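A.B. asks: dropping the sequence and predicted coords here.
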Amino acid sequence: MARLKVGVLISGRGSNLQALLDACADPAFPAEIVAVLSNRPGAAGLERARAAGVAAGVVDHRAYPNRAAFEEALDRTLRDAGVGFVCLAGFMRLLTPWFVERWRDRMINIHPSLLPAFPGLDTHRRAIEAGVRFTGCTVHFVRAEMDDGPILVQAAVPVLPRDDEHALAARVLEAEHRCYPLALRLVAEGRARVAGVRVEISDAAGPAGAVLNPEA
Ligand code: GRF
């Protein structure tokens, strides 16, 4: 079966991009990354793409007079590269409804909290301040509202007594690197179907039962 042609949009470090590149390096994986685009010229993720032999380019938002022109360029570059599905991986530009609609149900994002809790920035600091016992990460289809949209995969990650936001971020990031390839695989295998505000996933089992924190 033909592999799903994926474009990844980044702005920085690119560790989630790396997790996707690693997954796609397996010829049996049902998706391949055909383009990596950053809105920031210095993004470290660009080097990760090149090291993996994937075309990497910059669409610098500062080079365009407005958001519409920037997004038209982004859209054109993705289409010219033959991209059929977009993964946002630490892409730090808000996308307009125009772009979101063009890629509706063909664009996913990863966010470092258990949505709908803690949308936006500083998720780990806010989770610690709120005293939640679990936080985590979410892969979801993108809608015009920020950090909103049908949820594909989540990982629950415990908040431990001595955590500061860096320790918690590191624990969540490990989970992100497992969730994003899983989510992409579900989509590429045709096992994830958007149904209203939810995603229906076929042939997938959840964990056996509740996880407690603290355990005793
Ligand atoms: C991740 O925490 C992701 O959830 C968020 O931005 C961060 C990007 O990190 N959207 P990286 O560039 O993938 O390392």
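C.D. replies: Looks like it arrived, so ask away.
A.B. asks: now do the strands in this structure.
C.D. replies: 4-10, 31-38, 56-58, 85-88, 107-111, 134-141, 151-158, 192-195, 198-201 (DSSP state E).
A.B. asks: for the ligand, which of these is the nearest?
C.D. replies: Nearest of the strands of the chain to the ligand, taken as C-beta to the nearest ligand atom: strand 107-111 at 4.4 Å. C-beta here means a position set from N, CA and C on the backbone, and glycine is covered the same way.
A.B. asks: can you list contacts of the closest one?
C.D. replies: 16, 85-91, 100, 119, 123, 137-142, 147, 149, 152, 176, 179-180, 183-184, 187 (C-beta atoms under 8 Å, 6 or more residues apart in numbering).
A.B. asks: which of these are buried?
C.D. replies: Taking 16 or more other C-beta atoms under 10 Å as the criterion, what is buried in the contacts of strand 107-111 is 16, 85-91, 100, 123, 137-142, 147, 149, 152, 176, 179-180, 183-184, 187.
A.B. asks: out of these, which are close to the ligand?
C.D. replies: For the ligand, the contacts drawn from the buried ones among the contacts of strand 107-111 by C-beta under 6 Å from any ligand atom are Asn16, Ala89, Gly90, Cys137, Glu176.
A.B. asks: now, which of those residues sits nearest Ala205?
C.D. replies: Cys137 (19.7 Å; C-beta to C-beta).
A.B. asks: ok, for the closest one, nearest residue in space, not its chain neighbours?
C.D. replies: Glu176 (4.7 Å; C-beta to C-beta, 6 or more residues apart in numbering).
A.B. asks: that neighbour touches Gln18, doesn't it?
C.D. replies: No: assessed by C-beta atoms under 8 Å, Glu176 is found out of contact with Gln18, at 10.9 Å.
A.B. asks: show me the contacts for the residue nearest to Gly14 when sequence neighbours are not counted.
C.D. replies: The shortest distance from Gly14 to any non-neighbouring residue, by C-beta to C-beta, 6+ apart, is to Gly45 (2.1 Å). By C-beta under 8 Å, 6+ apart, the contact set of Gly45 is Ile10, Gly12, Arg13, Gly14, Leu17, Gln18, Val36, Ser38, Ala56, Ala89, Gly90.
A.B. asks: now do Leu17
C.D. replies: Val8, Ile10, Val36, Gly45, Arg48, Ala49, Ala89, Gly90.
A.B. asks: just Met146 next, same as before
C.D. replies: Contacts of Met146 (C-beta under 8 Å, 6+ apart): Leu94, Pro119, Gly120.
A.B. asks: can you put those in JSON lines and add distance to Ala127?
C.D. replies: Shown next, in JSON lines, are these (distance: C-beta to C-beta, whole Å):
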{"residue": "Leu94", "distance to Ala127": "22"}
{"residue": "Pro119", "distance to Ala127": "12"}
{"residue": "Gly120", "distance to Ala127": "12"}
